[in-house]
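Engineer: okay, here's the prediction I keep looking at, along with the sequence it came from:
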Amino acid sequence: MILSSVTLVLLTVAAAGLPALWIIRNQLERQAWAQVEQGNRAAQALYAARQSEIADLATLTAQRPTLQALLKQGEEAGLAAYLSALQAGAGLDLVLVCDTAYQPIAQAGVAVTEAICMDVATAEFDIAPAGSASQGWLLAAHPVTDKERGQIGTVVVGMALDDGFAAQMRAQTGLEHTLSVGGQPLATSLTGGIGVRQTSGYITFENTSRGTFDLDGHPYYAARFPLGSSGLEAEVALAVADITATQRRLAWTLVGSILAIAGLGSLLGALLARRISQPLARLTHAATSLSKGDLSAPLAVEARVREVALVARALEDARADLNRTLNALRKEKAWADHLLEAIVEGIVTLDRRGHITFFSHGAERITGWERDQVIGQPCDQVFQPLETDEPFSQLIPPPGRRRKIPMLLRDGRKAVLAMTGARLFPNESGDARAALVFRDVSEEETMHRVMGHFLANVSHEFRTPLSALAASAELLVDQAPDLSAAELQELLTSLHLGVLGLQTLVDNLLESASIEAGRFRVSPRPSSLGDMIAEAIRTMQPLLDKHGQRLLVELPAAIPVVQADPRRTVQVLVNLLSNASKYGPDEAEIAIGAARHEGWVRVTVADQGPGVPSAYHDLVFRRFERPETDHTKAQYGVGLGLSVVKAIVEAHGGQVGVDDQPASGSAFWFTLPVVSAQ
């Protein structure tokens, strides 16, 4: 009987104590990892705050008038002294000024390599030699600009990521902090340095790696995350020696309890069985409630037996965790519903009868119908197709297919809707439902038509001069010996004009493509306005002579020198003169003039053509926009010349526009900055 009691007690204690110990151990490890994760998030937030602080210091430093003046005047000695004062006052480890070629001019603080000027343009974290070792840096840069010269340099400020910085991070996060690159530590807050470290495998979760390591016999839980793209990694570590000791104490306590209970088992078996059975029954009832989904009521189970109490506590923790997870899932579902409502595309679901069961905000915005007005209504009543007598339900695309359908919207507007269909099968019902996702592609369709018109015009613009070139070249090949000098000159002039037209068209196409790709640049320098006007006139004179057009040039006595890119400016003048010749009548006069106003010169090209309607004064400078005209000489054109003119002038900081002539015609003008008067 005693042996049976002792055996029963031992089995009972083992059955209750060992799971409790396992649960506690897991709980302690989970809490430890939670502390590591919290420290990891805090460290990332601190780095983000330091980045913002460094960026603000770089901005404030770059905007200091004294620094701008010293940099503009090239006073390197004064600049170095000023940077030293700034570095000491701001508590920075590095203040550096680079020129526009990313070469250092002056610096204060820790000496770094010249490459840091270039590196900081692409990274906020960097690694630079510091003495005999490498040093991690938190960097920020800001351009130093001048109203007249633009960017004149760059200010770089930095904070050294050394042992002192790691110690500050430990004080703020409560965890040890280490900075490393390629597995080699650069700085640490660990007492005694890195020491002999044995690292277990790290597992990566999203942007963070977690693992364990032993340092001089002491275990740590750690998490790593990268700093920028320079290869720097930050690691937060929690010493878990106390947790390990606690686990050992719990194990020894359990063993001691088992031994003690084994000695008293014959006397206290019945009592302990009674004490254990009652709380276990309550735990069983609580577990049953949990299995039925009751997660709201706390588990109020009191037990005098420590192991049972630990089990009850662990079960309560599990209930709380499940409750939090369930609430999080509810929030995620609500967020998903909100996201669905925020999608700009229209989303509509239909039942098997074709009645609308869901109508998103995007569908309301596109169609003009409100949700309450269409829910439960037949889709054929809400969606009215154009260009066909078929009902909308017959035009719905098959699942996975896309179809463009012209529609009449509620407010009378016409739109082209691109629709995609899908078939839904709800689990709670065998009734199949259709889902439609659509968006308004009217502007895309309009752009396709515009591009078709553009390609047709480009084809014509190439075909016309090429045909003339071919005809002239054929005459020269076949009849050159029999042609008179005047006839030869006429053919050569035709060849020259054809080449000039093709060159202008190709230049405009290339410039337009460069502007669209974001690679368009100008190189302004002091240039003679008179020379650029003369170059444009020499280029366009054969075309003017062909149509008998006279060019009147009115320039001031002191022709100003402008800050401009000569090649681009000549291209602007050639485009304007070409348009003036194209839209102006034969035997007419084209005037080109310049007038200086304050720090700008305004260049005007005026023709005697049909003029530009007032509604087109702003549109005419857009791509593919051409005013409607009955002029036989200007029925075709790709609509790129004036858009290129606008891009070139605005890249110089100037303005472009068109004014009506008092009698007839238009006056196109643009402005350029003046350097000095001659």
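Structural biologist: Happy to help now that I have it.
Engineer: the strands in the stretch 151-300 of the chain, which residues?
Structural biologist: Taking DSSP state E, counting those that start in this stretch as the criterion, the stretch 151-300 of the chain carries its strands at 176-181, 184-188, 197-199, 203-205, 208-215, 218-227, 232-239.
Engineer: in JSON lines: the ones you listed, plus mean neighbour count.
Structural biologist: No exception for glycine: its C-beta is placed from N, CA and C like everyone else's. Conversion of the strands of the stretch 151-300 of the chain to JSON lines gives the following (neighbours: other C-beta atoms under 10 Å):
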{"stretch": "strand 176-181", "mean neighbour count": "22"}
{"stretch": "strand 184-188", "mean neighbour count": "18"}
{"stretch": "strand 197-199", "mean neighbour count": "12"}
{"stretch": "strand 203-205", "mean neighbour count": "9"}
{"stretch": "strand 208-215", "mean neighbour count": "17"}
{"stretch": "strand 218-227", "mean neighbour count": "19"}
{"stretch": "strand 232-239", "mean neighbour count": "22"}
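Engineer: got TSV for those, with distance to Phe670 and mean pLDDT too?
Structural biologist: Formatted as TSV, the entries for these read as follows, by distance: least, C-beta to C-beta, whole Å; pLDDT from 0 to 100:
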stretch	distance to Phe670	mean pLDDT
strand 176-181	53	87
strand 184-188	56	84
strand 197-199	67	67
strand 203-205	57	71
strand 208-215	56	83
strand 218-227	49	86
strand 232-239	50	88
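Engineer: so which of those comes closest to Gln27?
Structural biologist: Taking C-beta to C-beta, strand 218-227 is the member of those nearest to Gln27, at 14.4 Å.
Engineer: so how far is that closest one from its chain's centroid?
Structural biologist: For strand 218-227, the distance between its averaged C-alpha position and the chain's averaged C-alpha position is 30 Å (C-alpha atoms, centre = their mean, to the nearest Å).
Engineer: buried ones in stretch 575-590, by neighbour count?
Structural biologist: When neighbours are counted by 16 or more other C-beta atoms under 10 Å, the buried residues of stretch 575-590 are found to be 575-585, 588, 590.
Engineer: so which of those residues are in strands?
Structural biologist: Secondary-structure check on the buried residues of stretch 575-590 using DSSP state E: residues within strands are Ile590.
Engineer: any chance of the strands of the stretch 151-300 of the chain in a markdown table, plus distance to Val112?
Structural biologist: As requested, these are arranged in a markdown table below (distance: least, C-beta to C-beta, whole Å):
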| stretch | distance to Val112 |
| --- | --- |
| strand 176-181 | 16 |
| strand 184-188 | 14 |
| strand 197-199 | 28 |
| strand 203-205 | 31 |
| strand 208-215 | 29 |
| strand 218-227 | 17 |
| strand 232-239 | 15 |
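Engineer: and the ones you listed: which comes nearest Thr61?
Structural biologist: For the strands of the stretch 151-300 of the chain, the distance to Thr61 is smallest for strand 218-227, at 22.4 Å, taking C-beta to C-beta.
Engineer: quick one: strands adjacent to that closest one?
Structural biologist: In its sheet, strand 218-227 lies beside strand 208-215 (antiparallel), strand 232-239 (antiparallel), with partners assigned from DSSP bridges.
Engineer: off-centre distance for the first one?
Structural biologist: The chain centroid and the centroid of strand 208-215 are separated by 33 Å under C-alpha atoms, centre = their mean.
Engineer: again with stretch 96-104
Structural biologist: So, by C-alpha atoms, centre = their mean, the centroid of stretch 96-104 is 27 Å from its chain's centroid.
Engineer: can you check stretch 313-329 too?
Structural biologist: Stretch 313-329 sits 38 Å away from the centroid of its parent chain (C-alpha atoms, centre = their mean).
Engineer: buried ones in that stretch?
Structural biologist: Applying a neighbour-count criterion of 16+ other C-beta under 10 Å, the buried positions in stretch 313-329 are Arg313, Ala314, Leu315, Ala318, Arg319.
Engineer: any idea which of those residues is closest to Thr61?
Structural biologist: Using C-beta to C-beta, Ala318 is the member of these that lies nearest Thr61, at 54.3 Å.
Engineer: dump the residue contacts of the closest one.
Structural biologist: Ala318 makes contact with Leu290 under the criterion C-beta atoms under 8 Å, 6 or more residues apart in numbering.
Engineer: next one: it from Ala286, what distance?
Structural biologist: 11 Å (C-beta to C-beta, to the nearest Å).
Engineer: next, give phi and psi for the residue nearest to Val612 when sequence neighbours are not counted.
Structural biologist: Once its chain neighbours are removed from consideration, Val612 has its nearest residue in Ser666; the separation is 4.9 Å (C-beta to C-beta, 6 or more residues apart in numbering). Recorded main-chain torsions at Ser666 are phi -130, psi 160, according to degrees, to the nearest 10.
Engineer: where's Ser666 relative to His597, distance?
Structural biologist: Noted for Ser666: a distance of 21 Å to His597, by C-beta to C-beta.
Engineer: distance from the chain centre to the strand or helix carrying Val36, please.
Structural biologist: For Val36, the enclosing helix or strand under DSSP states H and E is helix 2-62. Here helix 2-62 shows a centroid-to-chain-centroid distance of 35 Å under the convention C-alpha atoms, centre = their mean.
Engineer: what's the angle from the helix or strand that comes right after that helix to helix 2-62?
Structural biologist: Counting by DSSP H and E, the next helix or strand C-terminal to helix 2-62 is helix 65-73. Between helix 65-73 and helix 2-62, the angle comes out at 60 degrees (axes from the mean of the first three to the mean of the last three C-alpha atoms, to 10 degrees).
Engineer: please begin residue numbering at 23 from this point
Structural biologist: OK, 23 is where the count begins now, so the last one is helix 87-95.
Engineer: what is the burial count for the nearest residue to Ala457 once chain neighbours are set aside?
Structural biologist: Nearest residue to Ala457, sequence neighbours excluded (C-beta to C-beta, 6+ apart): Ala444, at 4.5 Å. Taking other C-beta atoms under 10 Å as the neighbour definition, Ala444 ends up with a count of 15.
Engineer: now do the phi/psi pair for Ala444.
Structural biologist: In terms of degrees, to the nearest 10, the main-chain angles of Ala444 are phi -150, psi 150.
Engineer: ok, it touching Pro420?
Structural biologist: No: at 9.7 Å, Ala444 and Pro420 do not qualify as touching, with contact defined as C-beta atoms under 8 Å.
Engineer: that older thread, and the two most separated of the buried residues of stretch 597-612?
Structural biologist: Asn597 and Pro607 (19.6 Å).
Engineer: mind listing the helices for the stretch 373-522 of the chain?
Structural biologist: Defined through DSSP state H, counting those that start in this stretch, the helices belonging to the stretch 373-522 of the chain, from first to last, are 383-389, 393-396, 401-404, 464-501, 507-539.
Engineer: which positions within the third one qualify as buried?
Structural biologist: It refers to helix 401-404. Of the residues in helix 401-404, those scored as buried under the neighbour-count criterion (16+ other C-beta under 10 Å) are Cys401, Asp402, Val404.
Engineer: chain center to that helix, what's the gap?
Structural biologist: 40 Å.
Engineer: next, the buried residues of stretch 52-64.
Structural biologist: Ala54, Trp55, Gln57, Val58, Glu59, Gly61, Asn62, Ala64.
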